[in-house]
Structure formats: C-alpha cells, structure tokens
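Visitor: give me coordinates for this.
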Amino acid sequence: MFHNIFLFYNLIRKYKKKKYIKKLVKNGLKLGKNVLIVDAFFFDPSHCYLISIGDNCTICPNVRLIAHDASTKNHLGYTKFGKIDIRDNCFIGDSTIVLQNVTIGSNSIIGSGSVVTKNIPPNTIAAGNPAKPICSLDAYLAKMKNLIKEDTQIFGKEYDIENLDEAARNELIAAAHKGTAFIV
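Guide: Residues are numbered from 1 along each chain as shown. Alright, predicted model coming up:
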C-alpha cells in the first residue's frame with residue numbers, strides 16, 4: 001500500500017511540475033529540447049522571460065535561476081534585472097544558484113552548490129562561491145576515463161534506487177568506501 005501511495009504522490013508532483021513549467025514557458029521562459037529538470041527548482045517566475053536554457057541540459061534538484069536583484073529597491077527605488085543564458089549540453093549541479101547577467105557556455109558543467117555570478121566559457125568545469133573555472137571539459141573527462149580504467153567498480157541499471165535490495169545497497173556502500181565508483 002505504501003508503494004502505491006508513493007507512486008500516486010510522485011504522479012501528482014510530476015503533473016504539477018509539468019503544469020508549472022508550461023506556465024513559465026507561456027510567460028517567456030525559453031526551454032530547449034530534451035531538458036531534464038530533476039525534482040524541485042526555482043526559475044525566477046517574475047522574470048522568467050529573461051531565462052533561456054538550451055537543448056540537452058540537465059538541471060539538478062534545488063537549482064535557482066534568479067534574473068533579478070531587488071537589493072537596491074529600498075534605497076534607490078529600482079530593481080536590477082538581467083538575462084540568464086544556459087547554452088546547449090550543460091549540466092547544472094544540485095543547489096546551484098545562477099544570478100542575472102550570466103551566460104553559461106555550451107558543454108559546461110557547474111558543480112553542486114555553486115553560485116554563478118559571472119559568465120562561464122564553453123567546455124568548462126566550474127564550481128565554488130563564486131563559481132570559477134576549474135578545468136576544461138576535455139581534461140575532466142580524461143580524468144574520469146582514467147578513473148574508470150583503474151580498479152573502479154561500474155554498476156549497471158539494475159542498481160538504480162528503485163531496484164535496490166539490501167545486498168545491492170551494501171555492494172554500493174562497499175564500493176563507495178573504496179573511493180569513487182560509477183553507475184550507469
């Protein structure tokens with residue numbers, strides 16, 4: 001019974017999320033093809049027409065895209081605003097904040113918890129507060145390929161959270177204790 005309630009709850013959440021995204025798009029949000037928005041998010045609803053997300057992007061949970069800054073409103077009577085442009089094939093990590101007047105170049109990865117206050121060039125890995133380039137996408141992928149070649153475990157789709165039993169979960173925990181592991 002709990003499983004059925006969980007499925008029903010997720011179905012309602014997905015419906016509400018889809019409806020909310022449609023409203024943002026109607027109000028001007030530019031959303032490319034094949035964009036994966038994972039779980040909860042905040043795309044500045046009062047200035048969503050200033051936000052564009054390219055094709056094949058992943059937006060992880062708790063990402064905030066904030067196209068305005070009202071910090072000057074009480075003192076000057078004005079609110080600043082500016083565009084946010086996330087180009088094609090970007091990955092925006094969990095709990096990242098992207099502020100106004102920022103472009104994130106194509107094929108870039110933004111690390112979890114970052115605060116993006118300045119433009120990020122294409123093909124760049126960036127992280128931190130404020131987010132700064134760390135390395136190129138090619139250098140990062142080469143490093144990950146080397147990790148895979150080492151004594152790293154790779155787990156298949158049968159290890160997805162919905163399929164885990166206690167034995168499989170313990171395998172994943174043991175692999176994590178050894179260091180980095182990968183899952184499809």
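Visitor: need the contact list for the nearest residue in space to residue 132 that is not next to it in sequence.
Guide: Residue nearest to residue 132 in three dimensions, not counting chain neighbours: residue 126, with 6.1 Å by Cβ to Cβ, 6 or more residues apart in numbering. For every residue, glycine as well, the C-beta is placed using N, CA and C. Applying Cβ atoms under 8 Å, 6 or more residues apart in numbering, we find residue 126 in contact with 108-111, 114, 116, 120, 132-134.
Visitor: try it again with 6 Å
Guide: Neighbour list for residue 126: 110, 120, 133 [criterion: Cβ atoms under 6 Å, 6 or more residues apart in numbering].
Visitor: cool, and residue 159?
Guide: 168, 183.
Visitor: per-residue pLDDT of the residue nearest to residue 132, please?
Guide: Predicted confidence (pLDDT) for residue 126: 98.
Visitor: over to the one 5 residues further on?
Guide: In the predicted model, residue 131 carries a pLDDT score of 98.
Visitor: number of nearby residues for it?
Guide: Close neighbours of residue 131, defined as other Cβ atoms under 10 Å, add up to 24.
Visitor: now it, what are its backbone angles?
Guide: phi -60, psi 140 (degrees, to the nearest 10).
Visitor: pretty sure it is touching residue 114, no?
Guide: Yes. The pair residue 131 / residue 114 is scored as a contact, 4.1 Å apart, by Cβ atoms under 6 Å.
Visitor: buried ones in stretch 72-91?
Guide: For stretch 72-91, a neighbour-count test (16 or more other Cβ atoms under 10 Å) marks 81, 84-91 as buried.
Visitor: can you put those residues in a markdown table and add pLDDT and secondary structure?
Guide: Formatted as a markdown table, the buried residues of stretch 72-91 follow (pLDDT from 0 to 100; DSSP: H, G, I helix; E, B strand; the rest coil):
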| residue | pLDDT | secondary structure |
| --- | --- | --- |
| 81 | 96 | strand |
| 84 | 98 | strand |
| 85 | 98 | strand |
| 86 | 98 | strand |
| 87 | 98 | coil |
| 88 | 98 | coil |
| 89 | 98 | coil |
| 90 | 98 | coil |
| 91 | 98 | strand |
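Visitor: which residues are contacting stretch 92-105?
Guide: By Cβ under 6 Å, 6+ apart, stretch 92-105 touches 59-67, 81-82, 84-87, 90, 110-117, 119-122.
Visitor: let me know how buried residue 4 is, in neighbour terms.
Guide: Neighbours of residue 4 (other Cβ under 10 Å): 8.
Visitor: helix or strand for it, which one?
Guide: Secondary structure assignment for residue 4, by DSSP states H and E: helix 2-26.
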